[in-house]
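**Q** got a sequence here, can you build the structure:
(chains A and B)
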Amino acid sequence: MIVANRKPLEEIEEMIKGYRKIILAGCNECVTVCAVGGEKEVGILASELKLSRKKDGKEIEIKEVVLERQCDHEYIEQLRSFVDEYEAILSMACGAGVQFVAEKYRGKRVLPVVNTTFLGVTEEQGVWAERCQGCGNCVLDLTGGICPIARCSKSLLNGPCGGSTDGKCEIDKEIDCGWQLIIDRLKELNILDRYEEVIPVKDWSTSRDGGPRKRVREDLRL
Amino acid sequence: MTSGSHLERILGKKQFAVTSECGPPRGADPEVIRRKGELLKGYVDAVNVTDNQTSVVRMSSLASCVLLKEMGFDPILQMVCRDRNRIALQSDILGAAALGINNILCLSGDHQKFGDHSTAKNVFDIDSIQLIQTVKWMRDEGKFLSGEELKGVPRFFIGAAANPFADPFEIRVPRLAKKVTAGVQFIQTQCIYNLEKFEQWMARVREREIHEKVHILAGVTPFKSVGMARYMKNMVPGMDVPDEYIERLKAVPKENQAEEGIKICVESIQRLRSIEGVHGVHIMAIEWEEKVPEIVKQTGLHPRPSA
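**A** Below is the predicted model:
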C-alpha cells in the first residue's frame, strides 16, 4: 500500500487561510489502511479545523466526504454535484489522488493534507515500513526476496557497505541493514554462494529516472 | 603494469608499501594541501586524497590530487558513488587520467546523513563494486559503460577498501572476493585495532588464495588520546577497538597519551608486517599528518625505495 503521514495542523490551516467553505475528502484505500486519511481521520481533522477557527472567533463550513478511491474517475465524479458550492478541496489522499482530483476540477484549489511517503506494509499494528521503490525492474529474485534498492540506505546492489554493525544500518540503529537481511535470507534458503555473483550496473530507465511513467494495456482499452 | 603508478611498481617488486592520506581543506586555499604534502614527502609511496569524507563538503579530491602530483607525489584519487552518477564518474575518470593521476580508490561513500548537508539527495547510481568494474572496463576494453569506444584510454591502478570488522563477519572475505572478481588490484583496509580478528580474516583470505590476486595494505590510525580511542570504539560504525588499548591509554598521563598512541601504532605495524599476504600499510593519521614521518621511521620503513 501507499503509506502517508498527515501534515501538521498549522500547515493545513495556512493552506486554507482565506477559505470559509471547503470540502474535506478522505479516501477509502491505502490512506485508510495506514490510518491517515480515512473516514475516522476526516472526522478528526474537520473537528480540529473548526475548533481552531472558533478560537480565533471565526467560522468554517466543512463538507466531509470519503471517496472509495481518489485515483479513479468514477469515484472522483461523486464530488461533481456539490463542488461548486465550495471554495477549495482538502484531499486526504496520497499525492496521486490529490492530483487526479485537481485534474478533474480545474477551477478549484485542491490542497494536500498528507505527505505521501512510501510503498510499504503494516509490520504490526501502528507500524508501517517501506518495502518497494517502484524501480520498474525487480531484482528480488537475485536478493532472496529482500529489496536492496528500498532497504539499503545507499541502494547498493552489491552490499553491505562497511557501516553495517550488529545487523543495523550506519545511519540509524533503529534501521535494519538491508544487506544483513539479504544475507540471512540467502543462508536460510541455502543459496549463500549466490552472494558472490556481482550484480551488474542497473538500468534505471525503468525507474523515475526514465521520466514520468505510464502503462497502457491496449487489450483493456475501450 | 596496468598504469604509470609508482605504488603499482613498488608492490610489483614485492616491496612493503607505505601509503597515507591527505584530507582536502574546507575552502579554496591550496596551501593547506601543499603544507600537508610537505609533511609526508619522502615517507610514503602514494597518498590517498579523500572525496568529501564523512559527507562534509571539501575541496575536490581531483583538484587536491593534482596539487600533490605537482609536488612529486603519486596520488590515489578516492572516488565515492554518493554524489555522482555514471556520467559524472566516467567523466572524472577521464579527467583524472588526463591530469596524470594513476591510482583510483573505488568507494561507496558515507551516507550524507553524517555530513554538513544532511538534507541533500544522494545518487548511488552504481555501487563501489560496479565502480571497480567501470574503471577496469574503461581501461581494459577501451569503452564507456554504454559500449561506445573511448578515444584515449585511462590507465589506472585500481583500489578499493575493505572492512574486516564490519558485520556480518562471515561475508567479509566473500565480499573481498567479489571486489577481486570485479577487477580490484589493491585493497586498503579499515583501521585495524583488533589484530586477532584481522589475523582471522587474513587466514580466511589466504585459504582462498585471494592474497595472491590482490595487494592488501593494512590500515592503521594512531590514537591521539584516550578520548579519541573511546570515540572510535563507540561512535564510528564498523570500528573494532579492543578495551586493552583504552586501558593502556588511560594508564598514562594525559600529556603522554599521544606518544603512547604512536607507540601502539608502531607496534601494530610491526605485527601487521609479519602477516603473510599483507603487502603494505596505509597510515591514516587524521589531521595529524605531521606524525607520519615518525611512525614510518620508528617502524624501519624509512627511507622509501625510489621504485
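
**Q** how many residues are close by B:Glu212?
**A** B:Glu212: 10 surrounding residues under other C-beta atoms under 10 Å in any protein chain shown. Where C-beta positions appear, they are placed from N, C-alpha and C, glycine not excepted.

**Q** actually B:Ile87, not the one I wrote
**A** The number of residues near B:Ile87, taken as other C-beta under 10 Å, comes to 12.

**Q** ok, it to chain A distance?
**A** Distance, B:Ile87 to chain A, by C-beta to the nearest C-beta, to the nearest Å: 12 Å.

**Q** give the helix, strand or coil label for that residue.
**A** Classification of B:Ile87 using DSSP: H, G, I helix; E, B strand; the rest coil returns helix.

**Q** tell me the confidence at it?
**A** Listed pLDDT for B:Ile87 reads 98.

**Q** can you check the one 3 residues further on too?
**A** According to the predicted model, the pLDDT of B:Gln90 comes to 98.

**Q** got the buried residues for the helix or strand containing it?
**A** B:Gln90 is part of helix B:86-98, with elements assigned from DSSP states H and E. Across helix B:86-98, burial judged by 16 or more other C-beta atoms under 10 Å in any protein chain shown covers B:86, B:89-90, B:92-94, B:96-97.

**Q** got it, and stretch B:290-307?
**A** Buried, per 16+ other C-beta under 10 Å, within stretch B:290-307: B:291-296, B:298-299, B:301, B:304.

**Q** so which of those are also by chain A?
**A** Among those, not one lies near chain A by C-beta under 8 Å from any C-beta of the partner chain.

**Q** any chance of TSV for those, columns pLDDT and secondary structure?
**A** Listed next are the buried residues of stretch B:290-307 as TSV, based on pLDDT from 0 to 100; DSSP: H, G, I helix; E, B strand; the rest coil:
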residue	pLDDT	secondary structure
B:Lys291	96	helix
B:Val292	97	helix
B:Pro293	97	helix
B:Glu294	97	helix
B:Ile295	98	helix
B:Val296	98	helix
B:Gln298	97	helix
B:Thr299	97	coil
B:Leu301	97	coil
B:Arg304	97	coil
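
**Q** re the thing from before, elements contacting the helix holding B:Gln90?
**A** Packing contacts for helix B:86-98, counted by 3 or more C-beta pairs under 8 Å, 6 or more residues apart in numbering or on different chains; DSSP states H and E, involve helix B:61-70, strand B:75-80, helix B:128-136.

**Q** which stretch among the ones you listed is buried most, on average?
**A** Compared across those, strand B:75-80 shows the largest average neighbour count, a mean of 27 (mean count of other C-beta atoms under 10 Å in any protein chain shown).

**Q** quick check: the residue of the stretch 51-200 of chain B nearest chain A.
**A** Closest residue of the stretch 51-200 of chain B to chain A, C-beta to the nearest C-beta: B:Asn163 (3.5 Å).

**Q** please name the nearest non-neighbouring residue to that residue.
**A** A:Gly162 (3.5 Å; C-beta to C-beta, 6 or more residues apart in numbering or on different chains).

**Q** in this structure that neighbour contacts B:Ala161, no?
**A** Yes. Look at A:Gly162 against B:Ala161 with C-beta atoms under 8 Å: they come within range, at 6.7 Å.

**Q** between those two, which contacts overlap?
**A** B:Gln190 (C-beta atoms under 8 Å, 6 or more residues apart in numbering or on different chains).

**Q** more neighbours: which of the two?
**A** A direct count of neighbours by other C-beta under 10 Å for A:Gly162 and B:Ala161 places A:Gly162 higher, at 24 against 21.

**Q** just say helix, strand or coil for that one.
**A** coil.

**Q** quick one: name the residues of chain A near chain B.
**A** Looking at chain B, the residues of chain A close enough under C-beta under 8 Å from any C-beta are A:153-167, A:170-172, A:177, A:180, A:183-184, A:195-196, A:198, A:200-202, A:204.

**Q** which of those residues fall within strands?
**A** Mapping the residues of chain A next to chain B onto strands (DSSP state E) picks out A:Asp172.
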